[in-house]
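S.K.: Dropping the sequence and predicted coords here.
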Amino acid sequence: MEKPFILHMLTTAKNLSPFDANMALDAGWINALPYLNVEPSEVQGLVQDVIFSRSPKNLLKTGIFIGGRDTKQAMDMLKSAKRSMFAPFEVSVFADPSGAFTTAAGMVAVAENDLINKFNTNLAGKNVMVLGGTGPVGQVVSVIAAQAGANVRLIGRQLDKAQNTADMCNNEFGAGKISIKAGADAEKAEYLKTADIVFATGAAGIELLSAELVASAPQLKVAADVNAVPPAGIAGVDAFQNGTPIKGSNSGAVGLGAMAIGNVKYQVQNLLLKRMINAEKPIFLHFEHAFEVARAYLKETSKK
């Protein structure tokens, strides 16, 4: 009897994200089984129950998805899952807590795409501000941009929290090979004097960058806002904006709204879930793979 494709979906939250469950089923997984309120210490036991319940052949039709809300915790759970397996008892694992990995990948990729196509440059050496940077998406945007060669400043309302977050990103996600700096929200006008790219990743419905500040930025090229709830996180950038000039920008900056970012995020998550299904051997996916897929997706669509 043919065995079904089963995705075991682990979350530390009390509810599994309906978005993630729908994405899994739409990508081709036949069953998406939720595991709620999962403690990190329980990952090994759950993973080993998964791998020992099917033959090595049918383990290729089996996967694990890690959700939750905490980015570091999700990466730790991914590592724990990988350590809990051994050949031939292995399955693919994909971590995407609160969609932060795929959202951040889409956000940075669309900004990079506009830098290339509209300004004939890329992220290397550019000065990047990440507003609302202490949250999950802001953390991962900071890491991805830094890994792409940008000079990143992670901005938070409280400098000490922003510094702690930047240190965590550098050490836990960047393995000490990146150097994200921290900044206080009160100083953003000063940082804007040299900013090339601004990412707004804060809570929905909060304006993080006013029209006056946008106008004051002398070398701003791209401003991307992940917020779809009015008011916009960046004044002058609406949810449907996709690389058109920002009204009032004196530097000729272009804006990217939540729908442009969300479309790429959706495509990336779908493609990674399908990659798990089609993998000929177990794969372990996180934000770096999401950015790789986002870049490839935008490069391919630009040819059409």
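M.R.: That came through, no problem.
S.K.: Check the burial of Asn127 by counting its neighbours.
M.R.: 18 (other CB atoms under 10 Å). Quick note: C-beta positions are derived from backbone N, CA and C, even for glycine.
S.K.: Look up phi and psi at it.
M.R.: When quoted as degrees, to the nearest 10, the phi and psi of Asn127 stand at phi -90, psi 120.
S.K.: got a pLDDT number for it?
M.R.: Looking at Asn127, its pLDDT stands at 98.
S.K.: all numbers from here: first residue = 841
M.R.: That works, and once the first residue is 841, the last one we named lands at Asn967.
S.K.: was I right about it contacting Ala990?
M.R.: Yes. Assessed by CB atoms under 8 Å, Asn967 is found in contact with Ala990 at 7.4 Å.
S.K.: overlap in contacts of the two?
M.R.: Ile1037 (CB atoms under 8 Å, 6 or more residues apart in numbering).
S.K.: mind listing what's buried in the helix or strand where Gln1003 lies?
M.R.: In the assignment (DSSP states H and E), Gln1003 maps to helix 999-1008. For helix 999-1008, burial by neighbour count (16 or more other CB atoms under 10 Å) applies to Ala1002, Gln1003, Thr1005, Ala1006, Met1008.
S.K.: counting contacts, what elements does that helix pack onto?
M.R.: helix 976-987, strand 991-996, strand 1021-1024 (3 or more CB pairs under 8 Å, 6 or more residues apart in numbering; DSSP states H and E).
S.K.: ok, now with 6 Å
M.R.: Using 3 or more CB pairs under 6 Å, 6 or more residues apart in numbering; DSSP states H and E, the elements in contact with helix 999-1008 are strand 991-996, strand 1021-1024.
S.K.: next helix or strand past the last one?
M.R.: Secondary structure here is assigned by DSSP H and E; on that basis, the next helix or strand after strand 1021-1024 toward the C-terminus is helix 1028-1031.
S.K.: Quick check: mean pLDDT of that following helix?
M.R.: Mean pLDDT, computed over helix 1028-1031, is 97.
S.K.: cool, and stretch 908-919?
M.R.: 97.
S.K.: That stretch: which residues count as buried?
M.R.: Result for stretch 908-919 [16+ other CB under 10 Å]: buried residues Gly908, Asp910, Thr911, Ala914, Met915, Asp916, Met917, Leu918.
S.K.: Just put the residues you listed in CSV and tack on distance to Val1104.
M.R.: As requested, the buried residues of stretch 908-919 are arranged in CSV below (distance: CB to CB, whole Å):
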residue, distance to Val1104
Gly908, 22
Asp910, 24
Thr911, 19
Ala914, 20
Met915, 22
Asp916, 27
Met917, 25
Leu918, 22
